[in-house]
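**Student:** have a look at this prediction, sequence included:
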Amino acid sequence: MPGPPKAGEVVQSPKGSIFIRAYLHPAELEGLRGGEGLGLRFRYRPEKVKDMLLRVARLDGGDVISAYTQEGTIVGYLVLHPPDPRDRWGEQGGKGFLELGALEVDRNWRRMGLAKALLELAFADQALEEKIIILAEVSGNWDLEGTGLSKREYRHILLRLLHRAGFSEFPTDDPEITLDPQNLFMARIGSRVTPPLYHQFRSLLRRDAPIAVARMGDAPKASSIREINCLPEGGRAQIYRRLIPQEVFDKLGIDPKSLMDSEGNRLVNFICHEDKGFVRIEVRRRPDDRDCVYLLKLDTTPFSYVEIAFVIITDPFAERFEIDVDEEGQDTLLGTVRRNLREEERAMRAGLAPGQVRKGLRLFRRTIALVEEFSTWLGRELVFIEPLFYHNAIIYEKYGFGYVVGKERMEEIHREFAPGGTLYKRLDGSTPFRQPGAERTVRGRSWAIHDGILGEPWKIPRMHKRIGEHFGISTFPGFVY
C-alpha cells in the first residue's frame, strides 16, 4: 500500500487525506486500485481505468497524475501522452505536442477541488512550457447523468476549469469535434513554445479546408492577439495600425504605412510579445515625449475575448496637469494610489475629469468602432472593459456597454446623489471636490467619488458590449457631463 508521496501534493478532504502524484511509475500504479465512481468511458469498471493508466505510464513521454487515498484507492487522474501517430497531431512523430487524454474525478469525491489540483500539479512542470498540449473534449464522454447538468452547463464548467490552467479554445475542422457544437477543442500553448511550432499548430487546425481568408484590409487572417504577436514584425504592424484612428495620423502628420513623420521619426510603437496575449499601442507627438497622444492596450480574457485594458487619447497641444505625480515626484497612478491635490483641483476647474492630464481629442467613439471591427475579425462577438473612474462607466454606457458586474452599485450611487441621499448630504463643501451641486454632472460626481465620498474605495465594475448592439443602459438618466 503506498504511503504519502515523496513529491506532489496532499489535499485535505472531509473523507481524509488525498495524495496527488505526477510521473507515476507502472510499478507504483500496480499497487493502487480504481475507485468505484471512476470509469465513465468503461461503463464504470474501475479495473479498466487502471489498465488504461498503466498503458499510458508505460508510454515513452506518457505521464499519469493520480489522486489516491491513504488506502490506495484512485479517486482522480489526469493523463498526458504523445498524440496518436494516426492523428493529425501525431504526424512526423508529433514532436512538440502532447495530448491531455483524460481527466476524471470519482463521482464520490467531487466538489473537493481535485480536478483543479490535478491540473495545477501537471502544469507545474516547466518542461511543458516548451510544448503545446491539445485537448479534444467530446460531449458524449461527459458525465451528464452524474452531475445533472446540461451539455451547455457542463461545457461552461469545463471552459472555466481549463482556462485557469492556461488552455484556450481553437476552431478546428476535426470531424470528431464538428459533430456536435458543444464539443470542445482546446490547447495550452507553453510560454516557451517557438513560433515555428505554433505556426505548425495553426496549420493543423484545419485539414480539410484552408484557413479562412477573412481579412482586415490585406492583413493575414488570425484568430487571437497571441497569434498576431507570433507574426513577423511587418505583419503585426499591418494589423495593429488599423486600431489607430485616422484622425491621430492626420493630427501628428504620421504616414499610416511607414508609421513615421515627415522627418523620418518613428512615432508609433507596438508592444506585443510572442508568448503573451496582449498588445499595447503607443503613439507620440515626438519619439522622446513623456506622454502618449494615443495609448490602447488590448488584453485577452480567460474566455478568449478582447478586453480594452487601457485607453488614453489626449490633445498634445493642450495644457498639461501634473495629476500623475505627487509633490515629491512619485507616480500617483493617475491619482489611484496617492494624489497631487493642487494639480487635481486645477484640472477639475479646467473642466477635466479624474485621471486626465490633458483634455481629450473626442475619438473614443471611433476607437470603440475600431476595436469592434478588430474583435469581429478575430471571430469574437463581445468586447470587455473596466472603467477606472465613475465617469468612464457613464461614458461606456453611452457607447453601448452593459454590466457584467457593478450595475446595482452604479444605480445605488445615482439614488444616493439624489436630494436627501447619503452622498448628496456629503457634498458639504468640506473639500474643493465636494461642493454642493456636484451631483448634477458626471464630472462633479466623479471628482467627489475620487475624493472618497463613498466612504470606501471605488469598486471597478466590469462591462461588456456585444458587437453591433447597444445595451441601452443608463444609470444616470439625462446626465450632463
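**Tutor:** Received it, and whenever you're ready, just let me know what you need.

**Student:** quick one, domains of the protein?
**Tutor:** What automatic domain parsing lists as the domains of the chain is 9-205, 225-466.

**Student:** which one of those lies closest to residue 479?
**Tutor:** With respect to residue 479, and counting by Cβ to Cβ, the nearest of those is domain 225-466 at 5.3 Å. For every residue, glycine as well, the C-beta is placed using N, CA and C.

**Student:** end to end on stretch 120-135, go ahead and measure it.
**Tutor:** End-to-end distance of stretch 120-135 (Cα to Cα, to the nearest Å): 16 Å.

**Student:** starting at the chain centroid, how far to it?
**Tutor:** The chain centre lies 19 Å from the centre of stretch 120-135; the measure is Cα atoms, centre = their mean, to the nearest Å.

**Student:** what's the closest of the domains of the chain to residue 474?
**Tutor:** For the domains of the chain, proximity to residue 474 was assessed by Cβ to Cβ; domain 225-466 is nearest, at 5.7 Å.

**Student:** any regions of the stretch 1-150 of the chain where pLDDT drops low?
**Tutor:** 1-8, 40-44, 92-93 (pLDDT under 70).

**Student:** what segments of it are strands?
**Tutor:** Read by DSSP state E, counting those that start in this stretch, the stretch 1-150 of the chain holds these strands, from start to end of the chain: 9-13, 16-21, 33-34, 63-69, 73-81, 97-105, 132-137.

**Student:** kindly reformat those strands as CSV containing mean neighbour count and distance to residue 323.
**Tutor:** Formatted as CSV, the entries for those read as follows, by neighbours: other Cβ atoms under 10 Å; distance: least, Cβ to Cβ, whole Å:
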stretch, mean neighbour count, distance to residue 323
strand 9-13, 14, 47
strand 16-21, 18, 50
strand 33-34, 20, 63
strand 63-69, 24, 51
strand 73-81, 24, 50
strand 97-105, 22, 49
strand 132-137, 21, 45
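
**Student:** roughly how far does residue 82 sit from residue 59?
**Tutor:** Using Cβ to Cβ, to the nearest Å, one obtains 7 Å as the distance from residue 82 to residue 59.

**Student:** more neighbours, these two?
**Tutor:** More neighbours surround residue 82 than the other of residue 82 and residue 59, with 18 against 13 (other Cβ atoms under 10 Å).

**Student:** contact partners for the more buried one?
**Tutor:** 59, 60, 61, 62, 90, 93, 94, 97, 98, 99 (Cβ atoms under 8 Å, 6 or more residues apart in numbering).

**Student:** quick check, nearest of these to residue 339?
**Tutor:** residue 98 (50.7 Å).

**Student:** so who does the closest one touch?
**Tutor:** Contacts here follow Cβ under 8 Å, 6+ apart; on that basis residue 98 touches 61, 80, 81, 82, 83, 128, 131, 132, 133, 134.
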